[in-house]
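Asker: dropping the sequence and predicted coords here.
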Amino acid sequence: MSSEASSTTPADLEADMLAMGRRARAAARALALAGPEARTRAIAGMARALRARSDRVLAANAADLEAARSGGMAAAMIDRLALDPARLEGVVSALDAIAAIADPVGVETARWTPANGLDIARVRTPIGVLAIVYESRPNVTADAAALSVRAGNAVILRGGSECLRSNLAIHAALVEGLEAAGLSPDTVQMVASRDRAAVGFMLVGLEGNIDLLIPRGGRSLVERVRRDARVAVLGHLEGVNHLYVHASADPAMARAVTLNAKMRRVSVCGAAETLLIDRTAAEALLPLIAADLTEAGCELRADAGARALVPTATPASETDWSTEYLEPILAVRVVDGIDAALDHIARHGSGHTEAIVASDPAVIERFLAEVDAGIVLANASTQFADGGEFGFGGEIGISTDRLHARGPVGAEQLTSFKYVIRGEGQIRP
């Protein structure tokens, strides 16, 4: 499926989806053998084609935005959906960066010779066929395609219906880049049907042709995939991220990091959603932080201790401590030291990104060691929770799983491995 269409019957849609799976499997085999140079040419070609097609992509996105506004989509979701020339150039630049990173396929990660004399190497290999289901963000189409190709995987993409025009316009450019490099257009396929049944067919694996399913979106999408999938899933759950300001924090740093962590871009999954601040620092520092946030347009929802210092804040409910707002809203709690902060994060965090501002080295190291999350930061904004900022070129998302991959999922995290063993006629006694 490469143009906007919907199957007329469930049987037609199922047949279309199964055919996509078979084509993806064949393309994955060819891509794995194509070599790093061919994969690099393909990704670079994707970037060139996307730049050349920028007017068509922006026009398609404008149509998606008009429909989204008419349908009453929330402002945070519209921000995730929106492209402009600068954002689109950022998408293309990410493809350039992915083309420039080292190809992970075939890299030896370890090599040794045990007592039996065998030469054993552990070597990175492609996973095979990926299926990625996502919402709102059209940049995911380009990032996911390029990272999948960099890792030697074919991929089937199914974006949200709210950005279908944008995704199809981007996909057309990606296919142009693949073909220019001599690779199959089936390497990156886009589900063009708006029918949600398409996701159901992907969840059961397309007759064994999907090796890994990656959901990227809201809690309802991720929970459905985890509940119903019959293939391996790499989860990207919501970012209920905390910023903890310790009593030893430099006040100027604490103010700057808090403002950036929340307000740089509120709709990204790396935005801070809860501020925890030590009681011994709160009297002097919290009113200043609150003033910064309020001036930037942020609503504060606070516990009693914080409201005593910031009377304009509204009372926080219990649900506020576990909410990913993706809006200019921040929950604020005054805590009694690092033990209370760690306890709050353990109870309410989603395992995505957690940060501390402090100058006490022992406190910093304890926080980094004890917080259970894919990303933990000291004295830096949570908004750095991004594969591009890690030097990955881009990311599929931030994995909140504990197995296979955790944190930003780049090309390396989209590989598996095999053991390559060379002998000299050994037989086992």
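Answerer: Done, it's in. Worth saying up front: this structure is predicted, and the values here are computed from it rather than measured.
Asker: so where is this structure shaky, pLDDT-wise?
Answerer: 1-8 (pLDDT under 70).
Asker: can you pull out the helices in it?
Answerer: According to DSSP state H, the chain carries its helices in the segments 10-34, 36-52, 54-70, 75-81, 85-100, 139-150, 164-180, 197-203, 219-228, 251-263, 279-295, 304-309, 337-348, 361-370.
Asker: got JSON lines for the ones you listed, with distance to residue 424 and mean neighbour count too?
Answerer: The way it works is simple: take the backbone N, C-alpha and C, and place the C-beta from them, glycine included. Shown next, in JSON lines, are the helices of the chain (distance: least, CB to CB, whole Å; neighbours: other CB atoms under 10 Å):
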{"stretch": "helix 10-34", "distance to residue 424": "28", "mean neighbour count": "18"}
{"stretch": "helix 36-52", "distance to residue 424": "30", "mean neighbour count": "20"}
{"stretch": "helix 54-70", "distance to residue 424": "56", "mean neighbour count": "17"}
{"stretch": "helix 75-81", "distance to residue 424": "57", "mean neighbour count": "19"}
{"stretch": "helix 85-100", "distance to residue 424": "40", "mean neighbour count": "18"}
{"stretch": "helix 139-150", "distance to residue 424": "36", "mean neighbour count": "28"}
{"stretch": "helix 164-180", "distance to residue 424": "42", "mean neighbour count": "23"}
{"stretch": "helix 197-203", "distance to residue 424": "46", "mean neighbour count": "20"}
{"stretch": "helix 219-228", "distance to residue 424": "47", "mean neighbour count": "15"}
{"stretch": "helix 251-263", "distance to residue 424": "57", "mean neighbour count": "20"}
{"stretch": "helix 279-295", "distance to residue 424": "66", "mean neighbour count": "17"}
{"stretch": "helix 304-309", "distance to residue 424": "70", "mean neighbour count": "17"}
{"stretch": "helix 337-348", "distance to residue 424": "53", "mean neighbour count": "17"}
{"stretch": "helix 361-370", "distance to residue 424": "45", "mean neighbour count": "14"}
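Asker: export these to a markdown table and append columns for distance to residue 117.
Answerer: Output for the helices of the chain, formatted as a markdown table (distance: least, CB to CB, whole Å):
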| stretch | distance to residue 117 |
| --- | --- |
| helix 10-34 | 30 |
| helix 36-52 | 31 |
| helix 54-70 | 57 |
| helix 75-81 | 56 |
| helix 85-100 | 40 |
| helix 139-150 | 36 |
| helix 164-180 | 44 |
| helix 197-203 | 46 |
| helix 219-228 | 45 |
| helix 251-263 | 54 |
| helix 279-295 | 62 |
| helix 304-309 | 66 |
| helix 337-348 | 48 |
| helix 361-370 | 40 |
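Asker: quick one: closest of these to residue 401.
Answerer: helix 219-228 (9.8 Å; CB to CB).
Asker: other SSEs contacting that closest one?
Answerer: helix 197-203, strand 212-216 (3 or more CB pairs under 8 Å, 6 or more residues apart in numbering; DSSP states H and E).
Asker: before we move on, the earlier item: residue 107 is nearest to which of the helices of the chain?
Answerer: That would be, of the helices of the chain and by CB to CB, helix 36-52, which comes in at 10.0 Å.
Asker: roughly how far does residue 415 sit from residue 128?
Answerer: With the distance defined as CB to CB, to the nearest Å, residue 415 ends up 10 Å from residue 128.
Asker: for residue 308, that is, sorry about that
Answerer: Residue 308 is 57 Å from residue 128, by CB to CB.
Asker: before we move on, what about residue 225?
Answerer: From residue 225 to residue 128 the distance is 18 Å (CB to CB).
Asker: do the same with residue 249
Answerer: Residue 249 is 47 Å from residue 128, by CB to CB.
Asker: comparing these two, which residue is more hemmed in?
Answerer: Between residue 249 and residue 128, counted using other CB atoms under 10 Å, the more crowded position is residue 249 (24 against 19).
Asker: leaving out chain neighbours, which residue sits closest to the more buried one?
Answerer: Nearest residue to residue 249, sequence neighbours excluded (CB to CB, 6 or more residues apart in numbering): residue 357, at 4.3 Å.
Asker: repeat for residue 312
Answerer: Residue 312 sits nearest to residue 294 (CB to CB, 6+ apart), 7.0 Å away.
Asker: mind listing what residue 116 touches?
Answerer: Counting by CB atoms under 8 Å, 6 or more residues apart in numbering, residue 116 touches 426, 428.
Asker: ignore what I typed, I meant residue 423.
Answerer: Contacts of residue 423 (CB under 8 Å, 6+ apart): 117-119.
Asker: one more time with 6 Å
Answerer: Residue 423 makes contact with residue 118, according to CB atoms under 6 Å, 6 or more residues apart in numbering.
Asker: check residue 68 too.
Answerer: Per CB under 6 Å, 6+ apart, neighbours of residue 68: 78, 81, 162.
Asker: now, which of the residues you listed sits nearest residue 375?
Answerer: residue 81 (24.8 Å).
Asker: can you tell me how far that closest one is from residue 160?
Answerer: 9 Å.
Asker: between those two, what contacts are shared?
Answerer: residue 136.
Asker: tell me, how many residues neighbour the residue lying closest to residue 299 once chain neighbours are set aside?
Answerer: Nearest non-adjacent residue to residue 299, counting by CB to CB, 6+ apart: residue 329, 4.7 Å away. Applying other CB under 10 Å, we find 16 other residues in the vicinity of residue 329.
Asker: that'll do, ta.
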